[in-house]
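Novice: Below are the sequence and a predicted model for it; my questions follow.
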Amino acid sequence: MQQGKGILAADESNATATKRLEGVGVESTEENRRRYRELLFTTPNVEQYLSGVILFDETLRQSHSDGTLFPQFLLSKGIIPGIKVDGGLEDVEGGQVTKGLEGLTERLKEYKTLGAQFTKWRAVANVGDGYGDQVIKENAKRMAEYAKLAQAEGFVPIVEPEVLMTGTHSAEDAEGAIIETVAIVFDSLKKAEVDLPGIILKTSMAVSGKEAENRAGSEEVAERTVRALITAVPSECGGVVFLSGGQTPEEATENLNAIARREPHPWPITFSFARALQEPALDLWRGKDENKDEAQAALLYRLSLNVAADAGGYGKDMESV
Ligand code: 13P
């Protein structure tokens, strides 16, 4: 990761991509998913704000209309392609565990030949799951195993234990859940002897639940997020990036800005949003080529605001342009 630039999460599984595309009236065909990702990656000057893009398996194998495979296209712009390698979530008693360890080494070897240089594995936890929860421990164990295998194949692993924003919980409860979950993850990473300077933590911010009545403002979110991370993340961790998790684009940028203003932190930080970067662009595009320029401008603008926020230099007045 590179401070001053973000990492675009464009690694929605086909099921998630379908939800997003259908949300703006676009049929989720393989070609429409390709066209949408091409729009994102070909945004003029996007490389000024992005050091990496996380891709889904299907996208890693797809090409720009000129025939260049997407990973090669991104590399030609100086953007590092990464790949989501987990196999999604599976319902178990008491929560959801992330699948995907089976055959992982073989897939990693293939992803390397396709140009991927870093990897991502996401697990989810709900606020209120509580320390000692077997599901969190199982997820952490799998995450550590993934990170170990990814490092053995020469990748930088992103570990993403997402504390979900759904519900009516307070930011204080989210802070507690982040501390518990992330601490369990690092415990497992250490036990598995994962090289901590060689990993990136992708984390939620300590925000109030989406349905909470009085949602915490950015100063409180920043204070709680930074405190949670200082408590649970060893200083030798290679970096911390934030997911947006269902926050509005403006909310995610404002919270990132408040977090950055509390620098210095023990690790470099930046943003790695999917929805909070893509939503405005997707909403403008709606599958129509004639909307492409406007959609790309919206993506670029959102990126520029988040890069400003990552340096603590964002103000709400910048939204009105
Ligand atoms: P959101 O920013 O939409 O939460 O997505 C980030 C991500 O990578 C989820 O796995």
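Specialist: Yep, that arrived.
Novice: What does the nearest residue to Glu294 once chain neighbours are set aside show for phi and psi?
Specialist: Spatial nearest neighbour of Glu294, chain neighbours left out: Leu284 (4.9 Å); criterion: CB to CB, 6 or more residues apart in numbering. All C-beta atoms are positioned from the backbone trio N, CA, C, and that covers glycine. Main-chain torsions, Leu284, degrees, to the nearest 10: phi -80, psi -40.
Novice: what do you get for Arg286?
Specialist: Backbone torsions for Arg286, taken as degrees, to the nearest 10, come to phi 50, psi 30.
Novice: you'd agree it is up against Gly25?
Specialist: Yes - between Arg286 and Gly25 there is a contact under CB atoms under 8 Å: 6.0 Å.
Novice: And the residue nearest to Glu294, how close does it get to Ala276?
Specialist: 15 Å (CB to CB, to the nearest Å).
Novice: now swap in Arg61 and tell me
Specialist: 27 Å.
Novice: Which one's more surrounded, Leu284 and Ala276?
Specialist: Ala276 (26 against 18; other CB atoms under 10 Å).
Novice: where's the more buried one, which helix or strand?
Specialist: Using DSSP states H and E, the element containing Ala276 is helix 275-285.
Novice: The helix or strand just after that helix - contacts with which helices or strands?
Specialist: Under the assignment DSSP H and E, the closest C-terminal helix or strand after helix 275-285 is helix 292-310. Applying 3 or more CB pairs under 8 Å, 6 or more residues apart in numbering; DSSP states H and E, one finds that helix 292-310 contacts strand 6-10, helix 30-41, helix 249-260, strand 269-271, helix 275-285.
Novice: cutoff 10 Å now
Specialist: Other elements packing on helix 292-310 under the criterion 3 or more CB pairs under 10 Å, 6 or more residues apart in numbering; DSSP states H and E are strand 6-10, helix 30-41, strand 50-55, helix 249-260, strand 269-271, helix 275-285.
Novice: Buried residues, it. List them.
Specialist: 292, 295-296, 298-300, 302-310 (16 or more other CB atoms under 10 Å).
Novice: Could you do stretch 36-54 as well?
Specialist: The neighbour-count check on stretch 36-54 (16+ other CB under 10 Å) flags 36-41, 43, 46, 49-54 as buried.
Novice: follow-up on the earlier one: my guess is the residue nearest to Glu294 meets Val24, correct?
Specialist: Yes - when contacts are counted by CB atoms under 10 Å, Leu284 is listed as touching Val24 (9.0 Å).
Novice: Contact residues of the stretch 201-321 of the chain facing the ligand?
Specialist: Leu243, Ser244, Gly245, Phe273, Ala274, Arg275, Ala276 (CB under 6 Å from any ligand atom).
Novice: For the third one, list the residues it contacts.
Specialist: Right, Gly245. Contact analysis of Gly245 by CB atoms under 10 Å, 6 or more residues apart in numbering lists 162-166, 174, 203-205, 207, 210, 252, 273-276.
Novice: mind showing which ranges of the protein have poor pLDDT?
Specialist: For the chain, the stretches flagged by pLDDT under 70 are 129-132, 320-321.
Novice: hmm, back to that, please indicate which of the contacts of Gly245 are buried?
Specialist: In the contacts of Gly245, the ones that pass as buried (16+ other CB under 10 Å) are 162-165, 174, 203-205, 207, 252, 273-276.
Novice: Inside strands: which ones of those residues?
Specialist: Among those, DSSP state E puts Glu162, Val163, Thr203 in strands.
Novice: Identify, from those residues, the entry nearest to the ligand.
Specialist: Checking those against the ligand by CB to the nearest ligand atom gives Glu162 as the nearest, at 6.4 Å.
Novice: show me what contacts Ala228?
Specialist: 163, 174-183, 203-206.
Novice: Tell me where the stretch 1-150 of the chain has strands.
Specialist: Per DSSP state E, counting those that start in this stretch, the stretch 1-150 of the chain carries strands over the ranges 6-10, 50-55, 80-84, 89-92, 95-98, 118-125.
Novice: Could I get the ones you listed in TSV, plus columns for distance to Ile136?
Specialist: Compiled in TSV, the strands of the stretch 1-150 of the chain are given as follows (distance: least, CB to CB, whole Å):
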stretch	distance to Ile136
strand 6-10	22
strand 50-55	23
strand 80-84	21
strand 89-92	12
strand 95-98	8
strand 118-125	5
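Novice: got CSV for these, with distance to the ligand too?
Specialist: Converted to CSV, those look like this (distance: least, CB to the nearest ligand atom, whole Å):
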stretch, distance to the ligand
strand 6-10, 3
strand 50-55, 6
strand 80-84, 7
strand 89-92, 11
strand 95-98, 11
strand 118-125, 4
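Novice: Let me know which of those is the nearest to Glu30.
Specialist: Shortest distance between Glu30 and the strands of the stretch 1-150 of the chain, using CB to CB, is found for strand 50-55: 14.2 Å.
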